[in-house]
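In: Sharing a sequence plus its predicted fold:
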Amino acid sequence: DARRAFPCWDEPALKATFQTTLIVPSDRLALSNTMPEEKQTEDGRTQIRFAKTPIMSTYLLAFVVGEFDHVEDKTKEGVLVRVFTPKGQAEKGRFALEVGVKCLSFYTEYFNIPYPLEKLDMVAIADFAAGAMENWGLVTYRSVLVMYDEATTPAHIKQRIAYVVAHELAHQWFGNLVTMEWWMHLWLNEGFATYIGWKATDVIFPDWSIWEQFTVGDQLQGLRLDALRTSHPIEVEIAKASQVDEIFDHISYCKGASVIRMLVNYLGEEDFRAGMQSYLKRHQFANAATEHLWAALSESSGKPVKDVMDSWTKQTGHPVVKASAHSDTELSVSQERYLASGPDALTDEDKTVLWQVPLRLADGDATVLTSRSAVVPRPDIPKINRGQTSFFRVAYDAPLIKAIGESFAALAPVDRVGVNNDAFALASAGYTSVTSALELLSHLRADDEYTVLSDAFGSIAEVLSVWYDADEAMLGHIRQFAIGIVQPVVERVGWEPRGGESHLIKMLRTEALSFAGKLGVPEVVAEARRRFANILSGNTSETPADLRSAVYATVVRHG
């Protein structure tokens, strides 16, 4: 888009410094990447010259003119951070400001490179086409992704604001300071910003269980799109810039972030961070390709990063690892491409593809499956992909599923999510039966973890949606089974928020009531109707923002 604003060679590798001068009505505020260094006013217009930028790509140049209020603060390193909002709404930028200040300090320490500008502005723009844009020093956002009002903003949107701010500020280093050589390396920008954005959010809000949510959020979205025959590799050849919009998708963002997270756990956090710092220092104010990152990480870890990661970034799809008991102390494992259309859809070419798969048989385990099949040690609980840090599905045979089920409560919440989600994905693709997947959910009747239950609600809802025209008696049995899972949750969390309750309980209440309403639980439907009637009569304070979506959806469905 830069070439539409001024004459330039608009390619990421052709960097330059920029000095912007704007002439604007004197009653308007003008912003650009840097601070103003000179102003002259005449005849109701103000000419503003901004300081020269660091050397950077054309797509990062920005300017904003409008009427704004703002809030501001400084990081502990002395960087000025400001959030600009429409007039009269400055306090709605306070939460994003707090997150932004903490993020800049976290990234300065994590990357061991100071933020190179004297200020960072974040601007709320109504009807902004993109969710946000990481212009260096002048980040622009869709209003809903930067403005927070405790009285009207649901918990999941608050979390979204925190993450989007963290994502865009990660780009100030990874994308702006070091930029991809060409658009085929877009995933380096977006995949890494997605990963490190969630990491920063987890550091700032440690009680939000971010990595558990990542498993049922971004990682799951990446797995779903990547399971289609029409998927594409993370690294895609781009012949011309006009093609780049085709790869702004869940493969670049979600699969990209997931394989980076897999790599972090394969290398170890310390070696990964050392390699990242080396990569950024080596290429700062310049450009780099995927191979440059792999080289830096190989140097820091001593591991063959390129060999492992090429199978994930240059190939389409991901594997399903099939597991069975080899002996009391060993498992037999094998890999093949996973397709949502099922194993019968695999072509001869599909059957030749191999990945280097970090199996994660236990926390800290570095076993990598590099061949079609292998025999590996059997963990006490035979659950593969501990922590759900690797990007693949697991198909267990019946004896292993039984053994996992017997120890289900001993698994971490993220591993319970992984077993359940894999089971439903495999059932959907015809690898196993829906009955076996539903049987796993019987272990959740006493579960109180948000991510586990949220994933279970979604899985059951998907079954009911796909089988919408099946025999009503069978659907009735599935609904009653689902009610048996969700009703105890509704009874525990209730309709009324409790003082001091956690962020995750707020989100669980929303999802449980929404799912119970979808299933037609009589007490939930009656209460939703009552609250909706009160909202129509003007009494909106009784139903907090977190619950309105559940109320509206239930009333629309049941009248």
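Out: Happy to help now that I have it.
In: buried sites along stretch 24-39?
Out: By 16 or more other C-beta atoms under 10 Å, the buried positions in stretch 24-39 come out as 29-34. Placement of C-beta: from N, CA and C, glycine included.
In: just stretch 434-447 next, same as before
Out: Those would be 434, 437-438, 440-441, 443-444, 447, for stretch 434-447 by 16+ other C-beta under 10 Å.
In: so which of these would you say is closest to residue 157?
Out: residue 447 (25.3 Å; C-beta to C-beta).
In: how close does the closest one sit to residue 262?
Out: 26 Å (C-beta to C-beta, to the nearest Å).
In: so residue 362 is in which element?
Out: In this structure, residue 362 is located outside every helix and strand according to DSSP states H and E.
In: what's near enough to touch the spatially closest residue to it that is not a sequence neighbour?
Out: By the measure of C-beta to C-beta, 6 or more residues apart in numbering, the closest residue to residue 362 outside its immediate chain neighbours is residue 379, 5.3 Å from it. Residue 379 makes contact with 361-362, 386, according to C-beta atoms under 8 Å, 6 or more residues apart in numbering.
In: same question, residue 290
Out: Counting by C-beta under 8 Å, 6+ apart, residue 290 makes contact with 185, 187-188, 235, 313.
In: Ramachandran angles for it?
Out: In this entry, residue 290 is assigned phi and psi values of phi -50, psi -40 (degrees, to the nearest 10).
In: What score does it have for pLDDT?
Out: With respect to pLDDT, residue 290 scores 92.
In: thinking again about what came up before, which ones among the contacts of residue 290 are found in helices?
Out: Those of those mapping onto helices are 187-188, 313, per DSSP state H.
In: Now do the SS call for the residue nearest to residue 362.
Out: Classification of residue 379 by DSSP: H, G, I helix; E, B strand; the rest coil places it in coil.
In: just the CA coordinates of the helix or strand hosting residue 159, formatted as CSV?
Out: Assessed by DSSP H and E, residue 159 sits inside helix 155-170. Output in CSV follows, covering the C-alpha atoms of helix 155-170 (Å, rounded to 0.1, in the frame of the first residue of the first chain):
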residue,chain,number,x,y,z
ALA,A,155,-13.8,-11.3,29.6
HIS,A,156,-12.9,-13.0,26.3
ILE,A,157,-12.6,-9.7,24.5
LYS,A,158,-10.4,-8.3,27.3
GLN,A,159,-8.2,-11.3,26.7
ARG,A,160,-8.2,-10.7,23.0
ILE,A,161,-7.2,-7.0,23.5
ALA,A,162,-4.2,-8.1,25.7
TYR,A,163,-3.1,-10.6,23.1
VAL,A,164,-3.5,-8.3,20.0
VAL,A,165,-1.5,-5.6,21.8
ALA,A,166,1.2,-8.1,22.6
HIS,A,167,1.2,-9.5,19.1
GLU,A,168,1.6,-6.1,17.4
LEU,A,169,4.3,-5.0,19.8
ALA,A,170,6.3,-8.2,19.2
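In: residue closest to the middle of this protein?
Out: residue 218 (4.0 Å; C-alpha atoms, centre = their mean).
In: before we move on, back to that, give the single residue among the ones in helices among the contacts of residue 290 positioned nearest to residue 6.
Out: Nearest member of these to residue 6, counting by C-beta to C-beta, is residue 188, at 26.7 Å.
In: That closest one reaches residue 287, doesn't it?
Out: No - between residue 188 and residue 287 there is no contact under C-beta atoms under 8 Å: 10.3 Å.
In: Identify the contacts common to these two.
Out: residue 180.
In: Give me the more crowded residue out of these two.
Out: residue 188 (27 against 18; other C-beta atoms under 10 Å).
In: Let me see the contact set for the residue nearest to that one when sequence neighbours are not counted.
Out: The shortest distance from residue 188 to any non-neighbouring residue, by C-beta to C-beta, 6+ apart, is to residue 180 (5.3 Å). With contact set as C-beta under 8 Å, 6+ apart, residue 180 has these partners: 12, 186, 188-189, 287-289.
In: And residue 180, its phi and psi?
Out: phi -60, psi 150.
In: Go through the helices and strands of this protein and name the one with the lowest mean pLDDT.
Out: helix 2-5 (a mean of 85; mean pLDDT, DSSP states H and E).
In: So what touches that one?
Out: 8, 10, 58-59, 61.
In: Tell me the buried residues in that helix?
Out: Result for helix 2-5 [16+ other C-beta under 10 Å]: buried residues residue 2.
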